[in-house]
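A.B. asks: What follows is a predicted protein model with its sequence.
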Amino acid sequence: MATTTTTTDTAAAAAATQLQLMWLASPALPVGGFSYSEGLEAAVEAGLVHDEASAAAWLADQLPLVLARSDAATLAKACTAWATHDEPAARALNDWVSQTRETAELRLQTEQMGRSLLEWLKNGPHAADPRLPQLAAMPPAPTWPVAFALAATLAGATPRDALLAFAWGWAENLAQAAMKAVPLGQAAAQRMLTQLAAHIPAAIDTALSTPSDARQAFAPGLAILSARHETQYSRLFRS
């Protein structure tokens, strides 16, 4: 009987964690991810993205060149920091994210989404966790990957599972952004997500294996487009 109970409890805990990660990855999470295109709208304006194939190629490049080497690599380290209650390490990671945003709108995005996720966590079952005020005190604001790492840690997720949810949420948000900005139909967006899903595991492996001194956010082409987007005459998105 004890073995059966233990197995049932373990299965229930695993299911609860999986559901929490699905929740965190969902575009319905009230952190405002839907309002950002992360340079995609500027790429459309510049003529670099103009149909399904070019949008798919843009996102397939952005996944390993930008997300995996920067925010995902940060999240991997932040999960370990939060799990071990290493607030100085988490704060150093948060500082790195703030300092490496190459444009004002990219910094606005990570800080706004980080603050919004913190507020969401404050209203959840882990509101009394001492790590929440630590996150809130990080200047100038909690950043998105560091806040997401805490949310995933509180859910009981492993770093790999947290990264899977993080990358999938990124992919789904940008597929929806492509639908509006290019524009594309829903079937095209689903085909892009199929392609991205095939590349996400390798990107996660890169993020998990990236040492702290190799983490980087150097994407000059994206930075130029983002800077231009800040003064773009007509736009739907905040980045």
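C.D. replies: Here it is on my side, so go on. Numbers count the residues shown, from 1 in each chain.

A.B. asks: what's the neighbour count on residue 182?
C.D. replies: For residue 182, the count of nearby residues is 21 (other Cβ atoms under 10 Å). Quick note: C-beta positions are derived from backbone N, CA and C, even for glycine.

A.B. asks: show me the contacts for it.
C.D. replies: Shown in contact with residue 182 (Cβ atoms under 8 Å, 6 or more residues apart in numbering): 44, 49, 50, 51, 52, 55.

A.B. asks: How confident was the prediction at the second one?
C.D. replies: Each residue has a pLDDT score; the one for residue 49 is 97.

A.B. asks: For it, give me its contacts.
C.D. replies: Counting by Cβ under 8 Å, 6+ apart, residue 49 has contacts 40, 43, 55, 58, 178, 181, 182.

A.B. asks: now swap in the third one and tell me
C.D. replies: Residue 50 is in contact with 44, 182, counting by Cβ under 8 Å, 6+ apart.

A.B. asks: Tell me the one among the contacts of residue 49 nearest to residue 110.
C.D. replies: Nearest to residue 110 among those is residue 40, at 16.3 Å by Cβ to Cβ.

A.B. asks: Start and end of stretch 129-138, how far apart?
C.D. replies: End-to-end distance of stretch 129-138: 16 Å, with Cα to Cα, to the nearest Å as the criterion.

A.B. asks: Buried residues of stretch 206-216, list them for me.
C.D. replies: For stretch 206-216, the neighbour count (16 or more other Cβ atoms under 10 Å) marks 206, 207, 208, 210, 215 as buried.

A.B. asks: Check which helix or strand the residue most central in space within the chain maps to.
C.D. replies: Centroid-nearest residue in the chain: residue 166, 4.6 Å away (criterion: Cα atoms, centre = their mean). Element membership for residue 166, per DSSP states H and E: helix 159-181.

A.B. asks: wait, isn't residue 163 in contact with residue 74?
C.D. replies: No: with contact defined as Cβ atoms under 8 Å, residue 163 does not count as touching residue 74 (10.6 Å).

A.B. asks: Compare the two (neighbour count), which wins?
C.D. replies: Higher neighbour count among residue 163 and residue 74: residue 163, with 30 against 27, using other Cβ under 10 Å.

A.B. asks: any idea of the pLDDT on the more buried one?
C.D. replies: At residue 163, pLDDT is 98.

A.B. asks: picking up where we left off before, show me what the helix holding residue 166 packs onto, helices and strands only.
C.D. replies: Applying 3 or more Cβ pairs under 8 Å, 6 or more residues apart in numbering; DSSP states H and E, one finds that helix 159-181 contacts helix 2-25, helix 40-45, helix 52-62, helix 71-83, helix 144-154, helix 186-209.
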